[in-house]
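Asker: Fold the following and give me the result.
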Amino acid sequence: MNYMMTFSDGSVWAIPVSTIAIHHAGIFAENYDGDLVESLNKGTIPKFKDDFEAIRNWAITSMNWADVSDEAVKISESTKINFYKEWIACSVQIK
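Answerer: Numbers count the residues shown, from 1 in each chain. Okay, the predicted model is just below:
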C-alpha cells in the first residue's frame, strides 16, 4: 500500500505506507520496552489499519520530506518545487 501525494505542480509521488508505519512504531517503541516489531504489531498496525486519516495525520504532523525522500517514487513528472513546503499541503490518498 502506498501513500500517494499530488503536489501543486501536478506531480504524483508514492511512498510505502510501511515507511510511515515504521517511523510511527519507532517513536512509540519505548512503550514496548524498545521493541520496534512489537510496537509496530501491537500499536501502529491496529491504529493505521483502515484509517487513512491516522496515516495522513502522522505523516504531516510528525514527519517531513527528509524522512521519506529516500523512499519516494515519482509516478508522474514534475517541475521544480519545494518538497518541504508541499509535504504538509499536498493532496494524498492510500492505494
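
Asker: Okay, buried residues for the helix or strand hosting residue 28 please.
Answerer: According to DSSP states H and E, residue 28 maps onto helix 17-28. Buried residues in helix 17-28, counting neighbours by 16 or more other CB atoms under 10 Å, are found at 17-25, 28. All C-beta atoms are positioned from the backbone trio N, CA, C, and that covers glycine.

Asker: Also stretch 87-94?
Answerer: Buried-residue list, stretch 87-94, by 16+ other CB under 10 Å: 87, 90, 92.

Asker: Over to stretch 37-51?
Answerer: So, applying 16+ other CB under 10 Å, buried residues of stretch 37-51: 39-40, 43-44, 48.

Asker: Show me what that stretch is in contact with.
Answerer: Contact partners of stretch 37-51, identified using CB atoms under 8 Å, 6 or more residues apart in numbering, comprise 17, 20-22, 24-26, 28-29, 31-32, 54-55, 58.

Asker: How about stretch 56-70?
Answerer: Contacting residues not belonging to stretch 56-70 are listed as 3, 15, 19-20, 23-24, 27, 48, 83-84, 86-88, 92 [CB under 8 Å, 6+ apart].
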